[in-house]
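A.B. asks: Any chance you could fold what I've pasted below:
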Amino acid sequence: MISTIFDRFGCGLTREDRLFERYFVFGADLPPSLILTECVKMRVIVMAKPYLHCHRRFKNGKDHCYWSIAEKVRTRQGWVQRHLLYLGEINDSQKAAWTKVTEVFDPVGQQTRELALYPAEREVPDHATDYGVQVRLDQFALRRPRQWGACWVGCRMWDQLKLEEFWRKRLPDSREGTCWRHVLETLTVYRLIDPGSEWRLHRQWFQNSAMADLLEEDFSLAQKDNLYRCLDKVLEHRTALFQHLRQRWQDLFGAKFEVLLYDLTSTYFESDPSFPEGDKRRYGYSRDKRPDCVQVVIALVVTPEGFPLAYEVMAGNTADKTTLRDFLKKIEELYGKAERVWVMDRGIPTEEVLAEMRASDPPVHYLVGTPKGRLSQYEKRLLEQPWQVVREGVQVKLLPQDGELYVLAESKDRVNKERAMRRRQLKGLVKRLKDLAKMELSRDQLLLKLGAAKSQFPAAWRLVALQKPEEGKAMSPPNFTFQLRKDKLRQVRRREGRYLLRSNLSAQESAKLWRFYIQLTQVEAAFKDLKDDLSLRPIFHSLERRIEAHIFVSFLAYCLHVSLRACLRPLAPGLTPRSLLEKFAAIQMLDVHFPTTDGRELVFCRYTQPEKDHKMLLAQLGWELPPQSPPRITQKGQVRPE
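C.D. replies: As a prediction, the model looks like this:
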């Protein structure tokens, strides 16, 4: 910004700054286009860049100005002026040769022209009458602070994935001039930074952000009709988008797609459930613990690094086990046949689908969890197998059986965790049962309280045998007793921290099998990011196609999110996309208005300079902030937009 602070503005100076009270010149703030034109008396804080310096001396009854080029250098004792070049007493034409000229954008003529800035107290020299402008320094104003840094990060990730190029072919501008790809970019960056409804974007967020500056658009971009109409145009390009993103992730991060993680989640609607026939909003098993609300089911395939390859929105009453066959076909159609490894939870595949995967050509490999009942079936055979250490604290047993490989994995950390959870639940249940034995309750009251205890301590309930009082008998011992089921406790202790997997992979690399299954947490992390960080819900739309478009934009924002995470992962594990966005959100943009003596106004749109933490992040990421935009000047009689 302008590197001068004037007494008339009431800005305080430090003791060291007061030592540098000099006659100095005014210039525009664009480094290196610093415009230095004329001596005016003002107190200054000079930045550590070269500038024209005027030494005024009254000699022989005349006022003389001697010019030099200097810069300010910080030392242990404070700021020190360093002389670079002495120019002497020069005339206006010579001074003009040393004056840097700023390019100012003319919004009416749609062209750039050169202007030189002069203080209002000094007339424009004859040689500069065509391009000189007198500025009233004492009337400058700062207007429209808005968030710039996080918006710039979002737009940078958009460009890194070449989404501008992708959507230019598929979303041409309307006849009225609406740039639909910029509308979609705004919706996506909004979902990434500060998610909310489209109405909030139109009413509040767009004006408080710098998206218009970054996209060189105006408020017409965020008209609410444009936002909703854009949603109607994007769904048909979903398949092509994921094919494009797959190639970009492979080029940028060397992503591999041999291992695919598959899982499902649901998102609910707090709305009237009277929907037309065939609508996907249905009651079903709610993973959000909201069985009272209608929902849709979302199936997702991601890589171990979290890059999504495909997703599908299905009816809310869809059973998990009915989805896998269609997704196998979908991935083959999108990316062709290949030897891939599918990693899933135990409730997704059926025996029929697993048999089809084994019989396909080329074979489709899988690694899935198994129900705990199957562990009882193979427990004796597994006891005969030796443990193989795959890493510190983790060991596995391998059992080939009927063309498949069963893997019993045990983690010491998980043993300790599950054991502590079981002890805590058992301790709480025993305490509650002892309290109930001391109470004077009717039989119905006791049964109600036992039901509440079962709901509160479900894991420990099956480890306790209860003797309930019969009708008409006292509710105290010996009619009401409980005891520990030691046989059940021994079985639970043996299985704590252990889980049984099944696969059609070879048994050569046992460590790889365990690592594949652990990576299934990446799907859960993706769902968590979608629901929490990107606020997939609440969904404010009532039309089904708009609901699916809302989910599409959320996944597009997640693609930016996971790409940003891939950029941060090599730098430090503690750096997250959210922390980076919050850090860069501190960089604001302001409009600096300088009125001129001829009734016009010079407007500088400037983002604030990055702080030390921003500079460190930029250096680590290899990013550079864009140059400041050229200033604008209003025409005479033109109404200035606020």
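
A.B. asks: pLDDT weak spots in the stretch 501-642 of the chain?
C.D. replies: Residues of the stretch 501-642 of the chain that meet the criterion pLDDT under 70 lie in 507-508, 635-642.

A.B. asks: what are the ranges of the strands in it?
C.D. replies: For the stretch 501-642 of the chain, applying DSSP state E, counting those that start in this stretch gives strands covering 588-595, 601-607, 632-633.

A.B. asks: winner for burial among the ones you listed?
C.D. replies: Of these, the one with the most neighbours on average (mean count of other C-beta atoms under 10 Å) is strand 601-607, at a mean of 20. Quick note: C-beta positions are derived from backbone N, CA and C, even for glycine.

A.B. asks: Paired strands for that strand, with orientation please.
C.D. replies: Its sheet considered, strand 601-607 pairs with strand 588-595 (antiparallel), strand 632-633 (antiparallel) by DSSP bridges.

A.B. asks: what's it in contact with?
C.D. replies: 1, 28-29, 104, 117, 133, 135, 148-149, 152, 210, 213, 587-596, 625, 628-629, 631-634, 640 (C-beta atoms under 8 Å, 6 or more residues apart in numbering).

A.B. asks: Apply 6 Å and report the result again.
C.D. replies: By C-beta atoms under 6 Å, 6 or more residues apart in numbering, the residues outside strand 601-607 that reach it are 1, 148, 213, 587, 589-595, 628-629, 631-634.

A.B. asks: Could you chop this structure up by domain?
C.D. replies: Split into domains by automatic domain parsing, the chain comes to 149-345+520-586, 372-504.

A.B. asks: could you pull out the helices for the stretch 451-600 of the chain?
C.D. replies: According to DSSP state H, counting those that start in this stretch, the stretch 451-600 of the chain carries its helices in the segments 458-461, 486-495, 510-518, 521-528, 544-568, 577-584.

A.B. asks: Tell me which residue lies nearest the centroid of this structure.
C.D. replies: Nearest to the mean C-alpha position of the chain, by C-alpha atoms, centre = their mean, lies His561 at 4.1 Å.

A.B. asks: Arg325 versus that one, what's the distance?
C.D. replies: To Arg325, His561 is 30 Å away according to C-beta to C-beta, to the nearest Å.

A.B. asks: Also Val135?
C.D. replies: For Val135 relative to Arg325 (C-beta to C-beta), the value is 71 Å.

A.B. asks: In terms of neighbours, single out the busier of the two.
C.D. replies: For Val135 and Arg325, the more surrounded residue by other C-beta atoms under 10 Å is Val135, and the numbers stand at 21 against 15.

A.B. asks: what's the spacing between the closest residue to that one other than its chain neighbours and Arg122?
C.D. replies: Leaving aside its chain neighbours, Val135 sits nearest to Phe594 (4.7 Å; criterion: C-beta to C-beta, 6 or more residues apart in numbering). For Phe594, the distance to Arg122 (C-beta to C-beta) stands at 15 Å.

A.B. asks: Out of the helices of the stretch 451-600 of the chain, which is closest to Leu448?
C.D. replies: Nearest to Leu448 among those is helix 458-461; the distance by C-beta to C-beta comes to 15.3 Å.

A.B. asks: Buried residues of that closest one, list them for me.
C.D. replies: For helix 458-461, a neighbour-count test (16 or more other C-beta atoms under 10 Å) marks Ala460, Trp461 as buried.

A.B. asks: What of stretch 419-438?
C.D. replies: Arg422, Gln425, Leu426, Leu429, Val430, Arg432, Leu433, Leu436.

A.B. asks: Nearest to Leu245 among the helices of the stretch 451-600 of the chain would be which one?
C.D. replies: helix 544-568 (5.8 Å).

A.B. asks: hmm, who's touching the closest one?
C.D. replies: 157, 187-188, 191-192, 231, 234-235, 245, 253, 279, 306-307, 311, 313, 530, 534, 536, 539, 541, 575, 577.

A.B. asks: so how far is it off the chain centroid?
C.D. replies: A distance of 9 Å separates the centroid of the chain from that of helix 544-568, by C-alpha atoms, centre = their mean, to the nearest Å.

A.B. asks: could you give the angle of that helix to helix 521-528?
C.D. replies: Orientation of helix 544-568 against helix 521-528 (axes from the mean of the first three to the mean of the last three C-alpha atoms, to 10 degrees) gives an angle of 130 degrees.

A.B. asks: Looking at stretch 376-394 now, give me its mean pLDDT.
C.D. replies: For stretch 376-394, the mean pLDDT works out to 86.

A.B. asks: quick one: it to chain centroid distance?
C.D. replies: Worked out by C-alpha atoms, centre = their mean, stretch 376-394 lies 41 Å from the chain centre.
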